[in-house]
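In: sequence plus the predicted model coming up.
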Amino acid sequence: SLRPNITFCTPGVGKTTLGKELASRSGLKYINVGDLAQEGQLYDGYDEEYSCPILDEDRVVDELENQMREGGVIVDYHGCDFFPERWFHIVFVLRTDNSILYKRLETRGYSEKKLQDNIQCEIFQVLYEEARASYREEIVHQLPSNEPEQLEDNINQISKWIEQWVKDHNS
Ligand code: DAT
């Protein structure tokens, strides 16, 4: 049966928490692009400024292509502009207030530069603009992710959307 593909973007806001919980409730498959790249060493060089490897976007896309065509995949990454537009039926950009995001990222032991960049990125809605530039407006949604209650709301809302999508596309 047909199942939707879903992606989440934005840093430190709860993509992993939400993505995994959603997958376990809906039976869709959760894929963390960071982990996938790490396992397959899908890198192309090293970023000295941020002290992290640079993602080889083409190889990531190749690696995911078959599963995406099959459908029913939740993709977790802090960006979504290099994924083919045809892959996704819905895109969620999670939003977290800066003071809360700052505390969350601080506990991760991010460097001051990485911390500041991530906060700036959130202030200027970089990921939201990126998502809107890469996908049809109607499929890009922002969700607040400041508190546990909102996490619960988001899970319920998206679960309902998945159910409806599956009904609409399999009858
Ligand atoms: P990401 O995958 O976007 O980097 P995460 O899922 O690892 O984020 O979550 C980062 C931290 O924030 C983690 O300790 C769980 C917590 N968190 C996530 N969503 C939350 C929410 N809606 N309310 C409170 N805390 C949340």
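Out: Yep, that arrived.

In: and the gap between whatever residue of the chain ends up closest to the ligand and residue 148?
Out: Among all residues of the chain, residue 14 sits closest to the ligand, at 2.5 Å; criterion: CB to the nearest ligand atom. Quick note: C-beta positions are derived from backbone N, CA and C, even for glycine. To residue 148, residue 14 is 10 Å away according to CB to CB, to the nearest Å.

In: comparing those two, which residue is more hemmed in?
Out: Between residue 14 and residue 148, counted using other CB atoms under 10 Å, the more crowded position is residue 14 (21 against 10).

In: so that one sits right up against residue 145, yeah?
Out: Yes - if you go by CB atoms under 8 Å, residue 14 and residue 145 touch, sitting 4.3 Å apart.

In: what do those two both touch?
Out: Contact criterion CB atoms under 8 Å, 6 or more residues apart in numbering; residues shared by residue 14 and residue 145: 94, 96, 151.

In: just to revisit the earlier point, now the phi/psi pair for the residue of the chain closest to the ligand, please.
Out: Dihedral pair for residue 14: phi 120, psi 20, per degrees, to the nearest 10.

In: the shared contacts of residue 14 and residue 145: which ones sit near the ligand?
Out: Near the ligand, judged by CB under 6 Å from any ligand atom, the entries from those are residue 151.

In: contact residues of the protein facing the ligand?
Out: Selection of the chain residues close to the ligand by CB under 6 Å from any ligand atom yields 11-17, 104, 145-148, 150-151.

In: just the buried ones from those?
Out: 11, 12, 13, 14, 15, 17, 145, 146, 150, 151 (16 or more other CB atoms under 10 Å).

In: residues touching the last one, list them.
Out: Just to be clear, that refers to residue 151. Going by CB under 8 Å, 6+ apart, residue 151 touches 14, 17, 18, 21, 145.

In: and the helices in the chain?
Out: For the chain, helices defined by DSSP state H occupy the ranges 15-26, 33-40, 57-70, 98-106, 112-123, 126-134, 148-169.

In: need these in TSV with distance to residue 48 and mean pLDDT, can you?
Out: Formatted as TSV, those follow (distance: least, CB to CB, whole Å; pLDDT from 0 to 100):
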stretch	distance to residue 48	mean pLDDT
helix 15-26	26	95
helix 33-40	18	96
helix 57-70	19	98
helix 98-106	21	90
helix 112-123	12	85
helix 126-134	22	92
helix 148-169	35	97
